[in-house]
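S.K.: sequence first, predicted model second:
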Amino acid sequence: MRRGKGIELKSRGEIEAMRAAGLVVARTLAAVTAQAKAGASTGELDELAEQTIRDAGAVPSFKGYHGFPASICASLNEKVVHGIPSRDEVLAEGDLLSVDCGAILDGWHGDSAVTLAIGEVGEDDRALSAATEASMWAGIEQVRAGNKLTDISHAVETAARAAAKADGREYGIIAEYGGHGIGTQMHMEPFLPNLGKPGRGPKLRVGMAIAVEPMLTLGTAETEELDDEWTVVTADRSRAAHWEHTVAITDDGPWVLTAPEN
Ligand code: MG
Ligand code: MG
């Protein structure tokens, strides 16, 4: 693989191989979504995810990553990211659950996250998740050759602020965590901030792949890490949402590699 300014550049064939990995992640998140109901535990969802990934001939990239013990991150309510699934953590009506999943197929990585409403959630939770997803899509729209990296960041921030205004709320935009290059490894150069001025950072080129993953909260943008040294929570324990897709830059624009088949 070539590199442009330290960023991995993939051939068309390599991008297609990444799409295959992305589809495994998409199917896994669909399976988890279908089972994420009140009464289910996040530990069960993790087992389902691991089985789905392995049945596809892929490997869960999270499991063992710097010692992470599971195949998904399950981040419930005030947990922002990196929550550890557990048999003791049982979902209840009104919960807001973010599920992040990664898989490796033939050496290529896919990485994607969704936020799920467990039964009926409050209107503020629904709006938070919708704003986060809309911010992700606004960012993805800027994953194009010729743009600069922070054009994505700026689009994410602008969409988050527009949603907040439309919703009559304030959303915290987490700055400490963000998107990243992806390909032969899960986390590669460049780091992608979820806010900031446009027109900065490396120029985007065909063959780059980037994970776009905004995290918004109903309160502060400040976070804390729990004693398990993984789980990131909001400092004020307000609820958070997280959406993510892996996106490749092609001659025809962004290709969302972790989108479902249809
Ligand atoms: Mg992820
Ligand atoms: Mg990621």
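M.R.: Now that the structure is in, tell me what you want to look at. Ligands and ions are numbered 1, 2, ... in the order given.

S.K.: which helices and strands does the strand or helix carrying residue 166 pack with?
M.R.: Using DSSP states H and E, residue 166 sits in helix 149-167. Applying 3 or more Cβ pairs under 8 Å, 6 or more residues apart in numbering; DSSP states H and E, one finds that helix 149-167 makes contact with helix 123-140, strand 172-173, strand 188-192, strand 209-212. For the C-beta atoms, the positions are set from N, CA and C on the backbone; glycine is no exception.

S.K.: tell me which of those lies nearest to ligand 1.
M.R.: strand 209-212 (6.4 Å; Cβ to the ion).

S.K.: so what are the sheet partners of the closest one and their directions?
M.R.: Each strand paired with strand 209-212, and its direction, by DSSP bridges: strand 179-181 (antiparallel), strand 245-250 (antiparallel).

S.K.: for the shortest one, the distance to its chain's centre please.
M.R.: From the chain centre to the centre of strand 179-181 is a distance of 10 Å (Cα atoms, centre = their mean, to the nearest Å).

S.K.: which residues are in contact with it?
M.R.: Residues outside strand 179-181 that contact it (Cβ atoms under 8 Å, 6 or more residues apart in numbering) are 7-8, 139, 152, 186-192, 194, 208-213, 244.

S.K.: buried ones among those?
M.R.: The neighbour-count test (16 or more other Cβ atoms under 10 Å) marks 7-8, 139, 152, 186-188, 190, 192, 194, 208-213, 244 as buried among those.

S.K.: cross-check those against ligand 1 and keep the overlap.
M.R.: Restricting those to those near ligand 1 by Cβ under 5 Å from the ion leaves residue 244.

S.K.: if we can go back for a sec, make TSV out of the strands paired with strand 209-212 and add mean pLDDT, mean neighbour count and distance to ligand 2.
M.R.: Listed next are those as TSV, based on pLDDT from 0 to 100; neighbours: other Cβ atoms under 10 Å; distance: least, Cβ to the ion, whole Å:
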stretch	mean pLDDT	mean neighbour count	distance to ligand 2
strand 179-181	98	23	6
strand 245-250	98	26	8
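
S.K.: can I get those in a markdown table with distance to residue 113?
M.R.: Conversion of those to a markdown table gives the following (distance: least, Cβ to Cβ, whole Å):
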| stretch | distance to residue 113 |
| --- | --- |
| strand 179-181 | 11 |
| strand 245-250 | 8 |
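
S.K.: quick one: closest of those to residue 116.
M.R.: strand 245-250 (15.6 Å; Cβ to Cβ).

S.K.: report whether the closest one contacts ligand 1.
M.R.: No. Judged by Cβ under 5 Å from the ion, strand 245-250 and ligand 1 are separated, with a smallest distance of 8.5 Å.

S.K.: now the angle from that strand to helix 149-167?
M.R.: 130 degrees (axes from the mean of the first three to the mean of the last three Cα atoms, to 10 degrees).

S.K.: return the distance of strand 245-250 from the chain's centre.
M.R.: Offset of strand 245-250 from its chain centre (Cα atoms, centre = their mean): 13 Å.

S.K.: that one to helix 123-140, inter-axis angle?
M.R.: Using the same axes, to 10 degrees: strand 245-250 against helix 123-140 is 20 degrees.

S.K.: tell me what the helix or strand following strand 245-250 is packed against?
M.R.: For strand 245-250, the following helix or strand on the C-terminal side (DSSP H and E) is strand 253-256. Counting by 3+ Cβ pairs under 8 Å, 6+ apart, the packing neighbours recorded for strand 253-256 are helix 12-35, strand 245-250.
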